[in-house]
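Asker: Okay, here's the prediction I keep looking at, along with the sequence it came from:
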Amino acid sequence: MAHQSDLISVDIEKYLKQHEKKSLLRFITCGSVDDGKSTVIGRLLYESKMLFEDQLAAIENDSKKWGTQGGDIDFALLVDGLAAEREQGITIDVAYRFFSTDKRKFIVADTPGHEQYTRNMITGASTADVAVILIDARKGVLTQTRRHSYLVSLIGIRKVVLAINKMDLVDYSEKVFNQINEEYREFAKQIGMTDITSIPLSGLKGDNMLVASEKTPWYHGPTLMGFLETCEIDETRMQQQPFRMPVQWVNRPNLDFRGFCGVVTGGMVKPGDRIRAQPSGRESKVARIVTVNGDLPMAVAGQSVCITLEDEIDISRGDVISGADSPAEVADQFEATLVWMHDEPMMPGRSYLLKVGTQTVTASITEPKYKVNVNTMEHLAAKKLDLNEIGVVNLALDRPIAFDPYTDNRDTGGFILINRLTNNTVGAGMLHFALRRSHNIHMQHVDVDKAARASAKGQRPGVLWFTGLSGAGKSTIANLVEKKLHAMGRHTYLLDGDNIRHGLNKDLGFTEADRVENIRRVSEVARLMVDAGLIVLTAFISPFRSERAMARGLLGQGEFIEVHVDTPLNVAEDRDVKGLYKKARRGEIANFTGISSPYEAPESPELRIDTTLLNPDQAADAVISKIKELGLI
């Protein structure tokens, strides 16, 4: 590798020490297709001499095979690593590259310009301090430029470089530069972007990349590298914020030491400072700040430390240690912006895992207040969010968490949503504020609890959840089971799908979103009835595993018994007592389970009933035997 400093060959240890103490800047490049993002990054890598000799040889060979610059080096190939990217000359995935100069270390993310790769762009931007937004000088401000600028502002990147690239193709025209600069800044005002540095560039020729170009004598601002080397990084700003440290690990190597480990995400802390553990609200003082190299007199944003306290208070992973004079907020309901990142759409009412900082909780989402057309900034009505769509929603969590608005602290205000069954990340979001009702509405303590009610009835409460295709026999079997339990003196209640839709859920249809809400409401009612000490039977198609998992999660261990009434589609269709399958086949009923909407069969139910082998009475007896075996009766 062409060396960057003479110290490498003279005193490698001194060079490494200097390198270790350099600040790190993370930045992204984004813009429309073919604006030259990859070429600009490739030029930075080349000019900063961060390439090995064999890499230079390889890029020369690749330029002949894949390049778009004739016989010259195509710098974009240093970044576009996928074969599809090289063939099409575009960026698809997020490409990360490291390089350094004498003043600073850098990690750059080259993000795709196509709209279908919005989730990739969000991923690259989530940790960036600076955004370099490229504009082709020939094309000016495009729709994709506006979209990426909106996403940059949404993610909270405060510093923007407007890199007007390919100036060599417009003869380095000051007039063209000024027109684009004025048009962009007018748009930027609408989305609250104010810290903008505009630079005329030619990534291919190297103009204003590292040194000022003689071809733009009318420009007196910084070069791109000059700006990147000197701009204030986010950690500097975050050190001025209130102290925050999400607890990642409780370190207890022996009886005499109890420390709380994590990364300081905001502010600074010293021994003797008063802190508050959240969400519990308990307070103490910092005793020591421990690291592998010894105790520190102070810790600041960006440092990984272990803090010990003067008092023994209960703090667990996921809690946040805050400065007592300016603690984080605590709530369980929020307004948030959500970016949907999965092929399967976001469904209101569906239960997800939400991870914010080091805390993971269960969350459900309301119907979006609106979704944003990122090309026009319009607010549009929406029932759900599809892949790459952005909307504003309300979130409800299963417990209070400590948080800051995302605009104040990304680490305690940013979150991801995770599918409970597949563990796939399906969304990313930014918390705005706690809903007023999260502070004004509290659980009321009652003296007569579930155990007391169940004891009075002489039984153990629980839910028998019958699921299966329409016509499988769920209602018939559930009705027989309830009759047998009633004869045994048990206190029961049967929630039947058709009956519920005549009252509680009469406002719901049969779209996927309405079915999710249908099961959410039924699950909450079943939980209340279990709290009343009853044995609850539910007979619903409940076609989605996510909603059945959500219903299970609302109840205690052993209180949810899933009964899969397993009937082949052709058998259920032959029965068709209500004539629904015939209507569905004729296209008269949309979203009919098994025909035009999927049924996700249980993977591990407590009981599976094959109705081709058992008649309804035998099936009911099998259910009774199973719940006796499980100790419900």
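Answerer: Arrived safely, thanks for sending. Numbers count the residues shown, from 1 in each chain.

Asker: OK, contacts around the residue of the chain most remote from its centre?
Answerer: Distance from the centre of the chain peaks at Ala487, with 50.3 Å (Cα atoms, centre = their mean). By Cβ atoms under 8 Å, 6 or more residues apart in numbering, Ala487 lies in contact with nothing. From N, CA and C alone the C-beta is placed, and that goes for glycine too.

Asker: buried set for the helix or strand hosting Leu154?
Answerer: Using DSSP states H and E, Leu154 sits within helix 143-155. For helix 143-155, a neighbour-count test (16 or more other Cβ atoms under 10 Å) marks Gln144, Thr145, Arg146, Arg147, His148, Ser149, Tyr150, Leu151, Val152, Ser153, Leu154, Ile155 as buried.

Asker: re the thing from before, return the distance of the residue farthest from the centre of the chain relative to Gly533.
Answerer: Separation of Ala487 from Gly533 (Cβ to Cβ, to the nearest Å): 19 Å.

Asker: hmm, who's touching stretch 596-616?
Answerer: For stretch 596-616, contacts defined as Cβ under 8 Å, 6+ apart pick out 467, 469, 472-473, 476-477, 480, 510, 512, 541, 543-545, 548, 561-568, 571, 584, 589-591, 593, 619, 622-623, 626, 630.

Asker: Equivalent analysis for stretch 399-415, please.
Answerer: Residues outside stretch 399-415 that contact it (Cβ under 8 Å, 6+ apart) are 126, 156, 238, 241, 244, 246, 263, 265-266, 278-279, 318-320, 322, 327-332, 334, 336-337, 354-357, 359, 361, 428-434, 438.

Asker: Just the buried residues of these.
Answerer: Neighbour-count burial (16+ other Cβ under 10 Å) applied to the contacts of stretch 399-415 gives 126, 156, 238, 241, 244, 246, 263, 265-266, 278-279, 318-320, 322, 327-332, 334, 336-337, 354-357, 359, 361, 428-431, 434, 438.

Asker: Pull the distance from the one helix or strand Val536 maps to to the chain's centre.
Answerer: Using DSSP H and E, the element containing Val536 is strand 535-539. Distance of strand 535-539 from the chain centroid (Cα atoms, centre = their mean, to the nearest Å) equals 35 Å.

Asker: Equivalent analysis for stretch 213-233, please.
Answerer: Stretch 213-233 has its C-alpha centroid displaced from the chain centroid by 35 Å (Cα atoms, centre = their mean).

Asker: sorry, back to before: does anything pack onto the strand holding Val536? Which helices or strands?
Answerer: Counting contacts by 3 or more Cβ pairs under 8 Å, 6 or more residues apart in numbering; DSSP states H and E, strand 535-539 packs against strand 462-467, helix 474-487, strand 492-496, helix 512-531.

Asker: Out of those, the one nearest Val374 is which?
Answerer: In terms of Cβ to Cβ, the element of those nearest to Val374 is helix 512-531, at 22.2 Å.

Asker: Can you find which strand in the chain contains the most residues?
Answerer: Longest strand in the chain, counting residues (DSSP state E): strand 390-403.

Asker: May I see the buried residues of that strand?
Answerer: Ile390, Gly391, Val392, Val393, Asn394, Leu395, Ala396, Leu397, Pro400, Ile401, Ala402, Phe403.

Asker: Sheet partners, orientation included, of it?
Answerer: Using DSSP bridges, the strands paired with strand 390-403 are strand 329-340 (antiparallel), strand 359-365 (antiparallel), strand 370-373 (antiparallel).

Asker: Just give me how far that strand sits from the chain centre.
Answerer: Centroid separation for strand 390-403 versus its chain: 12 Å, with Cα atoms, centre = their mean.

Asker: now the following helix or strand past it, how far from the centre of its chain.
Answerer: Per DSSP H and E, strand 390-403 leads on to helix 410-413 as the next helix or strand towards the C-terminus. Between the centre of helix 410-413 and the centre of its chain there are 12 Å (Cα atoms, centre = their mean).

Asker: picking up where we left off before, what subset of the contacts of stretch 596-616 is buried?
Answerer: Of the contacts of stretch 596-616, these count as buried by 16+ other Cβ under 10 Å: 467, 469, 472-473, 476-477, 480, 512, 541, 543-545, 548, 561-567, 584, 589, 591, 593, 619, 622-623, 626.

Asker: Out of those residues, list just those in helices.
Answerer: Thr476, Ile477, Leu480, Glu512, Arg545, Arg548, Ala584, Ala619, Ala622, Val623, Lys626 (DSSP state H).

Asker: how close does the fourth one get to Arg585?
Answerer: Glu512 sits at a distance of 20 Å from Arg585 (criterion: Cβ to Cβ).

Asker: So what's the residue count around the closest residue to Leu464 other than its chain neighbours?
Answerer: Spatially, and ignoring its direct neighbours in sequence, Leu464 is nearest to Leu537 (4.7 Å; Cβ to Cβ, 6 or more residues apart in numbering). For Leu537, the neighbour count with other Cβ atoms under 10 Å is 27.

Asker: Leu537 and Lys484 touch, don't they?
Answerer: No - between Leu537 and Lys484 there is no contact under Cβ atoms under 8 Å: 11.0 Å.

Asker: what's the neighbour count on Ser202?
Answerer: Look at Ser202: counted by other Cβ under 10 Å, it has 24 neighbours.

Asker: Skipping adjacent residues, who's closest to it in space?
Answerer: Nearest one to Ser202, counting by Cβ to Cβ, 6+ apart, is Asp168 at 4.3 Å.

Asker: for the protein, where's the lowest mean pLDDT among helices and strands?
Answerer: Lowest by mean pLDDT, DSSP states H and E among the helices and strands of the chain is helix 83-88, with a mean of 40.

Asker: Does anything pack onto the helix or strand hosting Val108? Which helices or strands?
Answerer: Element membership for Val108 (DSSP H and E) is strand 104-110. In terms of contacts (3+ Cβ pairs under 8 Å, 6+ apart), strand 104-110 is packed against strand 23-31, helix 37-47, strand 95-100, helix 118-125, helix 224-230.
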